[in-house]
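Undergrad: I would like the atomic coordinates for the input below:
(2 chains)
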Amino acid sequence: MTSVIEFFTSLGSTIFSSLDLIGVYVILALGLNLINGMAGMFSIGHAGFWAVGAYTAAAITVHDPLSTPWPVTLALSIIAAIAVTGFAGLVLALPCSRLAGDYLAIATLGFSIIVVSLLYNLDFVGAATGLSTPTYVSKGFIWLMVALSLLFYYRLQYSNLGRTILALREDEIAAQSIGVNRVRLKILVLVLGAGMAGLAGALFANSATYINPAGFEFDQSIKILTMVVLGGLGSLTGVVLAAVLLTLLPEVLRLVNLADYQMLVFSVLLIVMVLVRPQGILGRKELWDLPLLRRYWRPSGPLRVALGSVEVKS
Amino acid sequence: MTTTTAPLLKTTGMGINFGGLKAVDEVNLQVDPGEIVGLIGPNGAGKTTCFNMITGVYKPSRGSIELAGARIDGKSTPSINHLGIARTFQNIRLFRQLTVLDNVRVALHRQAGYGLLGALLRLSPYRRAEVSMRQRAEYLLDVFGLAERRWDRAGDLPYGEQRKLEVVRALATEPKLLLLDEPAAGMNPQETATLTALIQRLRQEFKVSVLLIEHDMSLVMKVCDRIYVLDYGKEIARGTPPEIQSNQQVIKAYLGEA
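TA: Model prediction:
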C-alpha cells in the first residue's frame, strides 16, 4: 500500500517537473498540425524551425545586446524568435509553395539538417558545446502561452480562413474553382506553423538551463511528427493529448526503471497504433465530437444563438 | 438589359492540343445574359475540356475567351471565379471531410471581409460576417432542400445530394455564369425532375446564366434555350432544342451511321 502511494507521489512530481517540456511540445505539435493536419501539406523538418526559434531567443538572452532589464529581454527574445522563425518559414515557403507532397517534405528535411549543421559550427552561439541559458520563464508562463496557442489554433480553424485552408486540403482543384488562392494560403500556413515553432523554441531556451545543437536533430522532428500522427492528423485535441502522452512516456518509463526499453516501448506503441487505429487517437475528430460532449457544445454554438431569429424562407 | 448587351461568355476559335491530339478545335460558344445553353455530344467529344479552358484549368492553345467583353483566357482559376464564373465537376469534387454547411460557407469566403487578426480577436467584423455567411449558407441550402443535412459530412451524402451540394457551393460564389458538368448523372427520374426545376430557378431567382453539359436529353431539351453539339472536339451543330432533335448530323454522331 505504501509503495502504491509512493509510486503516485513520484509520478506526480515527475509530471510536475515535466510540465515545461510538455508545454513546449504541445506548441510544437500544434504548429506542425497546422501544416500537416489542417493544410494537408507534408513537412518533416519541424525541429529545424524549433532550433531557429530557440537559438534566436538564446542569442538575445545570453548576449543581451541592448542591455535591457530581464523582462524586456525575455519579451524581445520571444518576439524575435517568432519573427525570425516565421521569416525562415516564408523563405522556405516561397520556392516551395508550388511544391506538393514529397517535395515539400524533402525541402523541409533539408532545411532542418542545414540549420543543425550551421549551429554545430557557429561559435557565436557556442557551436557543438551549446549555450548556457538564463531561465526566465516559469511553468505558469509556458502554459499561458500554450493556452494562447490553443486559442490561436482554434480560432483560426473555425474562421473563414481556417475553412479555406481545410478546403484546400480536401481538394485543391475544387478550392481554386471557388476562388481560393492556393499559393498565398500555403505560404501563410508555413509561416504560421513555423512561427509557432519559434514560440516553442523561445520558451524552451528560456526554461532549460542549457541548449545545444544535438537537441534539435532529426529524431526530434520525427518525435513531433509522431505526436501529430498519433493524435490524429488535423485534430486539435487529439494532437494535444498525444503531445502530453509522448512527452511523459520516457519520464514514466524512467520512474519504473524501464528507461532502457524506451525505444522498444515507443516502437511497439507505434506498431500497435498503426495496426489498430491508423487514423490516430481521435482521427479527424475532436474531443467535443464525442457523443457525450457533443450534446452540450459544438464550435459554432455561439453563432447558433445569434441566429435564433433567422427566418429561413421555404 | 442596357443598350448593346455584350454576350456574357464568348469563345472564339477556342482550341487545345494534348501532345499531337487536337482535343478541342475551333469552338465558338456564346452565352447571353439570362440564357441557359446546353453543350452536348458523345463521350470524349471535348465538353469537359471546354469547361476546363473556360475556368482556367487548361490554357487554350488557340483562340480567345471573353467574359462580358473582357479577355479571361490565361487567367488563373481563382481569378476567373472572382470575375464571375463558377462550376461543378463531372466526377464530384466536394470537400468530403467538411460538413455540408462548411462546404457552402467556404465558398462564401470572399464576403468574409475580415483577416487573420479579425479571426483571432473575433472583432465585430468577424461576428457580423460569420452571422451573415451562416444566414446566406442556410438560405441556399434550404432552397436546394439540403438544410436538414447541414451538420453531415459532405462525403456521407447520397450521390444525388452531393451533386446538388456542388451546385449550391458554386452558386455561393455569386457567379454570373454557372457551368454545370453533368448535374443529373446518377440521379433517378424524380431527382432529375427536381433538378430541372432548380436549374430554371437559378435563372429566375439568382440571375445566373447556365452552360450545361448533360447526357440526360429530356433535361437538356426541357431547360435549354439553345444547344451546341460537339463531336471529336469540333462543333457539329447548334440551334434550339427542336432543331437539334431533328438534325441528321447529331443523330449520326450519337447513333452512328445507318
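
Undergrad: what's the host helix or strand of residue A:167 in contact with?
TA: Assigned by DSSP states H and E, residue A:167 falls within helix A:160-170. Residues external to helix A:160-170 that are found in contact with it (CB atoms under 8 Å, 6 or more residues apart in numbering or on different chains): A:38-40, A:156-157, A:174-175, A:178, A:180, A:182, A:185-186, A:189, A:234, B:94-98, B:102-103, B:105-106, B:108-109, B:112, B:114-116, B:119, B:129-130, B:133. C-beta: built from backbone N, CA, C; applies to glycine.

Undergrad: now that helix, how far from the chain's geometric center?
TA: Shown here is helix A:160-170, whose average C-alpha point lies 19 Å from the average C-alpha point of the whole chain (CA atoms, centre = their mean, to the nearest Å).

Undergrad: show me which residues of that helix are buried.
TA: Judged by neighbour count (16 or more other CB atoms under 10 Å in any protein chain shown), helix A:160-170 contains these buried residues: A:160-170.

Undergrad: hey, which helix is longest across chain B?
TA: helix B:124-143 (DSSP state H).

Undergrad: what element comes up after that helix heading to the C-terminus?
TA: Remark: after helix B:124-143, the chain's next helix or strand is helix B:159-172, criterion DSSP H and E.

Undergrad: which strands or helices does that next one pack on?
TA: In terms of contacts (3 or more CB pairs under 8 Å, 6 or more residues apart in numbering or on different chains; DSSP states H and E), helix B:159-172 is packed against strand B:85-87, helix B:100-107, helix B:124-143, strand B:177-181, helix B:189-206.

Undergrad: quick check: residues of the stretch 151-258 of chain B near chain A?
TA: Residues of the stretch 151-258 of chain B found near chain A, taking CB under 8 Å from any CB of the partner chain as the criterion, are B:169-170, B:172-173.

Undergrad: please repeat the previous calculation with a cut-off of 7 Å.
TA: Applying CB under 7 Å from any CB of the partner chain, one finds that the stretch 151-258 of chain B approaches chain A through B:169, B:173.

Undergrad: below-threshold pLDDT in the stretch 151-258 of chain B: ranges please.
TA: Counting by pLDDT under 70, the low-confidence segments of the stretch 151-258 of chain B come to B:257-258.

Undergrad: check it for the residue nearest chain A and tell me.
TA: As assessed by CB to the nearest CB, chain A sits closest to residue B:173 within the stretch 151-258 of chain B, at 5.2 Å.

Undergrad: phi and psi next, for that residue.
TA: With angles defined as degrees, to the nearest 10, residue B:173 sits at phi -80, psi 10.

Undergrad: and for it, the neighbour number?
TA: Residues within reach of residue B:173, counting by other CB atoms under 10 Å in any protein chain shown, total 21.

Undergrad: one more: residue A:9?
TA: Look at residue A:9: counted by other CB under 10 Å, it has 10 neighbours.

Undergrad: wait, isn't the residue of the stretch 151-258 of chain B closest to chain A in contact with residue B:107?
TA: Yes - look at residue B:173 against residue B:107 with CB atoms under 7 Å: they come within range, at 5.2 Å.

Undergrad: hmm, residue A:117 and residue A:127 touching each other?
TA: No - in this structure, residue A:127 is not within contact of residue A:117 by CB under 7 Å, at 11.0 Å.

Undergrad: between the two, which one's more packed in?
TA: Neighbour count, other CB under 10 Å: between residue A:127 and residue A:117, residue A:127 has more, with 15 against 11.

Undergrad: residue A:19 and residue A:206: what is the separation?
TA: As defined by CB to CB, to the nearest Å, residue A:19 lies at a distance of 15 Å from residue A:206.

Undergrad: so between the two, which is more surrounded?
TA: Between residue A:19 and residue A:206, counted using other CB under 10 Å, residue A:206 has the larger neighbour count: 27 against 19.

Undergrad: heading C-terminal from the longest helix along chain A, find the next helix or strand.
TA: Across chain A, the longest stretch assigned as helix under DSSP H is helix A:2-32. Per DSSP H and E, helix A:2-32 leads on to helix A:46-63 as the next helix or strand towards the C-terminus.

Undergrad: next, the angle helix A:2-32 makes with that next one.
TA: 100 degrees (axes from the mean of the first three to the mean of the last three CA atoms, to 10 degrees).

Undergrad: buried ones in helix A:46-63?
TA: Under 16+ other CB under 10 Å, the buried positions of helix A:46-63 are A:46-62.

Undergrad: and those residues near chain B, which?
TA: By CB under 7 Å from any CB, no member of the buried residues of helix A:46-63 lies near chain B.

Undergrad: which parts of the stretch 1-150 of chain B are strands?
TA: Using DSSP state E, counting those that start in this stretch, the strands found in the stretch 1-150 of chain B span residues B:9-18, B:21-27, B:30-31, B:36-40, B:62-67, B:70-71, B:85-87.

Undergrad: what's the closest of these to chain A?
TA: When the strands of the stretch 1-150 of chain B are compared by CB to the nearest CB, strand B:85-87 sits nearest chain A, at 5.6 Å.

Undergrad: which residues touch the helix or strand that the helix holding residue A:167 is followed by?
TA: Read in the C-terminal direction, the helix or strand following helix A:160-170 is helix A:172-177, with elements assigned using DSSP H and E. Outside of helix A:172-177, the residues that reach it under the criterion CB atoms under 7 Å, 6 or more residues apart in numbering or on different chains are A:167-168, A:182, B:55, B:77-78, B:81, B:86-87, B:89, B:93, B:95.

Undergrad: now helix A:172-177: how far from the chain's centre is it?
TA: Distance of helix A:172-177 from its chain centroid, counting by CA atoms, centre = their mean, is 28 Å.

Undergrad: is chain B contacted by whichever helix or strand comes after it?
TA: Once helix A:172-177 ends, the next helix or strand along the chain (criterion: DSSP H and E) is helix A:182-207. No - counting by CB under 7 Å from any CB, no contacts exist between helix A:182-207 and chain B, the nearest distance being 7.5 Å.

Undergrad: what helices or strands is helix A:182-207 leaning on?
TA: helix A:2-32, helix A:46-63, helix A:70-96, helix A:139-157, helix A:160-170, helix A:172-177 (3 or more CB pairs under 7 Å, 6 or more residues apart in numbering or on different chains; DSSP states H and E).

Undergrad: would you mark the buried spots in that helix?
TA: Within helix A:182-207, the residues that qualify as buried are A:182, A:185-207, counting by 16+ other CB under 10 Å.
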